[in-house]
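A.B. asks: Any chance you can model this:
(one chain, ligands or ions: 1)
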Amino acid sequence: MKRVLIILLILTTGGIKLSAQTKGKKAPAAKPKVVTGAVMANGKKIYGQYCLACHMADGAGVPNMNPPLTKTSYVLGDKTRLINIILNGLSTGEEIDGETYTNIMPPHNFLTDQEIADVLSFVRNSFGNNAGGILAAEVKTLRAKNTKK
Ligand code: HEC
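C.D. replies: Presented below is the predicted three-dimensional model:
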């Protein structure tokens with residue numbers, strides 16, 4: 001009987017320990033490390049300066065003129081395509097998630113690699129978006145490829 005009690009005691013305390021452990025553990029980070037608070041703050045600043053006038057403070061864009069940045073396949077999809085839009089602009093009257101827009105997106109290649117990386121990391125983690133961050137090195141590689149062409 002004593003033995004049973006001891007085993008029970010071990011089992012229950014073990015159980016408590018386990019549940020305490022899972023409670024204390026943080027949920028796995030949804031965002032990769034590169035999207036730090038500093039990246040988000042800098043990205044927001046650049047967004048306010050260079051993107052907000054067209055894509056609006058809430059990223060909703062302007063109907064038929066400027067597309068939204070809320071969960072579009074461009075924002076959340078292929079990083080290469082996304083970075084290239086910032087570097088080269090877009091004026092093909094692209095159909096973006098079923099709508100077309102009359103305005104043009106001017107090239108923003110005057111921004112530094114870090115600025116482009118930060119603003120895109122910000123956009124990919126704002127307005128309901130949740131996607132991996134973009135590194136300055138990724139922008140640098142693409143910029144070099146573009147000028148070679
Ligand atoms: C002068 C207005 C203007 C400015 C400034 C501007 N954009 Fe755009 N952007 C557009 C337009 C218009 C399109 C669509 C062009 C087309 O369809 O050919 C577009 C397309 C895009 C797209 C791809 C489509 C989508 O909606 O997902 C992204 C991403 C984007 N812009 C991000 C940005 C970011 C980030 C900045 C700031 C660095 C910025 N834009 C600055 C007007 C602008």
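
A.B. asks: correct me, but residue 59 touches residue 67?
C.D. replies: No: Residue 59 is beyond contact range of residue 67, at 9.9 Å (criterion: Cβ atoms under 8 Å). In this view, the C-beta of every residue, glycine as well, is placed from N, C-alpha and C.

A.B. asks: neighbour-wise, which of the two wins?
C.D. replies: Between residue 59 and residue 67, counted using other Cβ atoms under 10 Å, residue 67 has the larger neighbour count: 26 against 21.

A.B. asks: For the chain, which residue occupies the most central location?
C.D. replies: The chain has residue 124 as the residue nearest its centroid, 2.4 Å off, counting by Cα atoms, centre = their mean.

A.B. asks: For the residue nearest to that residue when sequence neighbours are not counted, what is the enclosing helix or strand?
C.D. replies: Spatial nearest neighbour of residue 124, excluding adjacent residues (Cβ to Cβ, 6 or more residues apart in numbering): residue 131 at 4.1 Å. Following DSSP states H and E, one finds residue 131 outside all helices and strands.

A.B. asks: Count the residues that sit near residue 131.
C.D. replies: Neighbours of residue 131 under the rule other Cβ under 10 Å: 20.

A.B. asks: what sits against it?
C.D. replies: 75-76, 124-125 (Cβ atoms under 8 Å, 6 or more residues apart in numbering).

A.B. asks: any chance of those in CSV, with distance to the ligand and pLDDT too?
C.D. replies: As requested, the contacts of residue 131 are exported to CSV (distance: Cβ to the nearest ligand atom, whole Å; pLDDT from 0 to 100):
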residue, distance to the ligand, pLDDT
75, 5, 97
76, 9, 96
124, 9, 97
125, 13, 97
